[in-house]
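# Build the 3D model from these lines:
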Amino acid sequence: MAERVEQEEIFSQVLRAGRRTYFFDVRSTKADDYYLTITESKKFTHDDGSFHYQKHKIYLYKEDFSEFNDMLKAATNFIVNEKGEEVISERHQKDYKKDEETVVTEEVETKTTESFTDVSFDDI
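Take a look at the predicted model:
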């Protein structure tokens, strides 16, 4: 049986955000270089009061830092520029009211039996 080796905590930060917690952990490769893991942990509560955590992890290596930072900054700037910093959602605002959806009705042509050609099975 392979022995699991605990990785040394080199640098770690935690961001708590409601039911989600984000972990930013610097770890070491076998070659003793550093990389970053970003873990999202989300708490789910069951009807009986028990709970579990669902985790998603991203591994980010130094060769990707610059481009990752550029894309993250571009995406977050786009969101803030388009929608502002205010959170707009049902979950975050108790008085949130969704715009009434426009109901599109389609006109359907109704045909009666009078509009069909009179066909007799005797003709077939």
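# hey, where'd the strands end up in this structure?
11-17, 20-28, 34-45, 51-61 (DSSP state E).
# burial count for residue 47?
5 (other C-beta atoms under 10 Å). Quick note: C-beta positions are derived from backbone N, CA and C, even for glycine.
# Redo the strands of the chain as CSV? Include distance to residue 72.
Formatted as CSV, these follow (distance: least, C-beta to C-beta, whole Å):
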stretch, distance to residue 72
strand 11-17, 14
strand 20-28, 13
strand 34-45, 11
strand 51-61, 10
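# Tell me which of those strands lies nearest to residue 87.
Residue 87 lies closest to strand 11-17 among these, at 11.2 Å (C-beta to C-beta).
# hmm, who's touching that closest one?
For strand 11-17, the surrounding residues in contact (C-beta atoms under 8 Å, 6 or more residues apart in numbering) are 21-26.
# May I see the PyMOL selection of the buried members of the residues you listed?
Selecting only the buried members of the contacts of strand 11-17 in PyMOL, with burial defined as 16 or more other C-beta atoms under 10 Å, works like this:
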select buried, resi 21+25
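# and which of the contacts of strand 11-17 is nearest residue 47?
residue 21 (22.6 Å).
# So the nearest residue to that closest one once chain neighbours are set aside versus residue 75, what's the distance?
Nearest in space to residue 21, with sequence neighbours left out and distances taken as C-beta to C-beta, 6 or more residues apart in numbering, is residue 41 at 4.7 Å. Distance of residue 41 to residue 75, computed by C-beta to C-beta, to the nearest Å: 22 Å.
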